[in-house]
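Chemist: Structure for this input, please:
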Amino acid sequence: MATYKDAGVNKEEGYNTVSKIKDAVASTHSPNVLNGIGSFGAFYELGKYNNPVLVSGTDGVGTKLRIALDVKKYDTVGIDCFAMCANDILCHGAKPLFFLDYLACGKLDSDIAAEIVGGIVAACKETNCSLIGGETAEMPGMYQIGDYDVAGFCVGIVEKEDIIDGSKITAGDVVIALPASGFHSNGFSLVRKVFPDFKEEWNGKPLYEALLVPTKLYGKPIMGLLDQVEVNGIAHITGGGLIENVPRILPKGLGVEIEKSKVQVPKIMQELQKRAEIEENEMFGTFNMGVGMVVVVKPALQDKTITALKELGEDAYVIGEVKESEEEIVLK
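Modeler: Have a look, this model is predicted:
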C-alpha cells in the first residue's frame with residue numbers, strides 16, 4: 001500500500017517543524033493577534049485609526065539563498081526575506097503590522113526550516129511586527145533535495161493623510177542616503193558568477209560571511225524619523241540600484257542628480273567591480289552601492305533629518321539633489 005511518505009512527503013517532519021517554531025512565532029505576537037498557529041487564517045485587529053490604509057508587499061530572497069544552502073548557513077536568509085518586504089512598505093510611511101512566510105523545499109528538514117524561520121522571527125521582533133502565519137511546502141520533483149526557497153508577505157498601515165508617495169517632492173529637495181549592510185538581497189546571480197568560491201578568504205574570514213550579511217532593517221529609523229520630520233519621498237534601493245529605484249518616487253518633470261563621489265561604496269563591491277571589470281553604470285544599475293534606502297526632504301530640513309537619523313543609529317549623509325529635468329537620474 002502506497003503512502004504519502006513513499007511519494008517523498010514526510011508529514012511527521014512537517015509536524016516537527018511546527019513544534020520547533022511555534023513558541024518563537026508566538027513570541028512575536030502583539031495583543032492585536034487574536035489567534036495562534038493552527039487556524040485556517042490569522043486574525044489581526046487593527047485598533048484605533050481614523051482613516052487607515054493597508055499597505056502590502058511581497059518578495060523573496062533570490063539567488064542569495066544558493067550561497068546559504070551551499071555553505072549550510074541558514075540563520076540570516078529569514079532576515080533577508082522579511083527585510084525585502086518590510087522595507088518596501090516603509091517607503092509609503094506604513095508601519096509593518098504582520099508578516100506571513102512561505103517555505104518550499106524538495107525534502108523537509110525541520111532543523112533547517114526552524115533556523116530559517118528563526119531569522120524571520122528575529123527580524124519581526126526588531127521591527128515590532130507579528131509573524132502570524134505561513135506555509136511550509138515539501139515538493140519532491142519540483143525542488144532538489146537540499147534546496148529551499150523562501151518568500152514572504154508583509155502588511156503595514158498608515159493614515160491616509162500621512163501616505164508618502166513622492167507627490168510632494170519638488171526641485172531643490174535633497175536626497176539623503178541611509179547606508180546598506182552589504183549587497184542585501186539583490187544582484188546575486190552576478191555576485192555568484194564573479195565570486196564562485198564562497199569559501200575563499202576575504203579580509204581574514206570566509207567570503208560567504210560578507211556575502212550573507214543580512215539585508216538591513218530600516219523599520220525603527222524610518223518610523224522614528226517620520227515622528228520628527230516631514231519626509232517627501234522614500235526609496236528602498238533594491239534590484240536596479242539607485243538608477244532604477246530613485247525615479248520610482250519622482251513626479252513627472254523632475255530628476256535626481258547623484259554625486260557619485262559622495263556614495264560610500266563598500267569594499268566588497270569595489271572588489272567585485274575590479275575582478276569582473278564591470279562598468280560603473282552597470283554597478284549602479286545592479287547593486288545598491290552601499291545605499292540601502294534614501295529619503296527626500298526639503299533643504300531646510302536637511303540638518304534636522306541627518307541629526308535625527310544619526311540619533312536613531314543611521315550614519316546618514318547627502319548624496320544628491322532633485323532638479324527640474326527630463327532625465328530621471330544623472331550620476332555625476
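Chemist: what ranges do the strands span in the stretch 101-250 of the chain?
Modeler: 130-138, 148-159, 174-179, 201-202, 205-206, 233-236 (DSSP state E, counting those that start in this stretch).
Chemist: Export these to a markdown table and append columns for mean pLDDT.
Modeler: Rendered in a markdown table, the data for those read as follows (pLDDT from 0 to 100):
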| stretch | mean pLDDT |
| --- | --- |
| strand 130-138 | 95 |
| strand 148-159 | 97 |
| strand 174-179 | 98 |
| strand 201-202 | 94 |
| strand 205-206 | 96 |
| strand 233-236 | 98 |
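Chemist: Need the winner for burial among these.
Modeler: For the strands of the stretch 101-250 of the chain, average neighbour numbers computed from mean count of other Cβ atoms under 10 Å are highest in strand 233-236, which has a mean of 24. C-beta: built from backbone N, CA, C; applies to glycine.
Chemist: helices or strands next to that strand in the packing?
Modeler: Using 3 or more Cβ pairs under 8 Å, 6 or more residues apart in numbering; DSSP states H and E as the contact criterion, the secondary-structure elements in contact with strand 233-236 are helix 77-90, strand 291-297.
Chemist: chain center to that strand: distance?
Modeler: In terms of Cα atoms, centre = their mean, to the nearest Å, the centre of strand 233-236 is set 13 Å apart from its chain centre.
Chemist: could I get that strand in CSV with only the CA atoms?
Modeler: Extracted in CSV, the C-alpha atoms of strand 233-236 (Å, rounded to 0.1, in the frame of the first residue of the first chain):
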residue,chain,number,x,y,z
GLY,A,233,9.8,60.6,-0.5
ILE,A,234,11.4,57.3,0.5
ALA,A,235,13.0,54.8,-1.9
HIS,A,236,14.2,51.3,-1.0
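Chemist: Can you tell me the strand partners of it and which way each runs?
Modeler: For strand 233-236, sheet partners with direction are given as strand 291-297 (antiparallel), following DSSP bridges.
Chemist: what angle do the strand it pairs with and strand 174-179 make?
Modeler: Interaxial angle of strand 291-297 relative to strand 174-179 (axes from the mean of the first three to the mean of the last three Cα atoms, to 10 degrees): 150 degrees.
Chemist: Only the buried residues of the following helix or strand past strand 291-297, if you could.
Modeler: Using DSSP states H and E, the helix or strand that follows strand 291-297 towards the C-terminus is helix 302-311. By 16 or more other Cβ atoms under 10 Å, the buried positions in helix 302-311 come out as Gln302, Thr305, Ile306, Ala308, Leu309.
Chemist: And for stretch 193-213?
Modeler: Neighbour-count burial for stretch 193-213, counted by 16+ other Cβ under 10 Å, picks out Phe195, Phe198, Trp202, Pro206, Leu207, Tyr208, Ala210, Leu211, Leu212, Val213.
Chemist: Report the contact partners of the second one.
Modeler: Translated: Phe198. Shown in contact with Phe198 (Cβ atoms under 8 Å, 6 or more residues apart in numbering): Ile67, Asp70, Val71, Pro206, Leu207, Tyr208, Leu211.
Chemist: Could I get the pLDDT score of the nearest residue to the fifth one once chain neighbours are set aside?
Modeler: Distances taken as Cβ to Cβ, 6 or more residues apart in numbering put Glu200 closest to Leu207, at 4.9 Å, once the chain neighbours are dropped. What the model reports as pLDDT for Glu200 is 96.
Chemist: nearest to Gly62, of the strands of the stretch 101-250 of the chain?
Modeler: Taking Cβ to Cβ, strand 148-159 is the member of the strands of the stretch 101-250 of the chain nearest to Gly62, at 9.6 Å.
Chemist: residue contacts, the residue lying closest to Gly182 once chain neighbours are set aside?
Modeler: Using Cβ to Cβ, 6+ apart and skipping residues adjacent in sequence, the residue nearest Gly182 is Val213, 4.1 Å away. Applying Cβ under 8 Å, 6+ apart, one finds that Val213 lies in contact with Thr76, Ser181, Gly182, Phe183.
Chemist: How about Lys310?
Modeler: Lys310 makes contacts with Ala316, as judged by Cβ under 8 Å, 6+ apart.
Chemist: How about Ile319?
Modeler: Taking Cβ under 8 Å, 6+ apart as the contact definition, Ile319 lies against Val175, Ile176, Ala177, Ile258, Glu259, Lys262, Val263, Val291, Val294.
Chemist: partner residues bridging the fourth one?
Modeler: Going back to what we said before, that points to Ile258. With DSSP bridges applied, the residues forming beta bridges to Ile258 are Gly320, Leu331.
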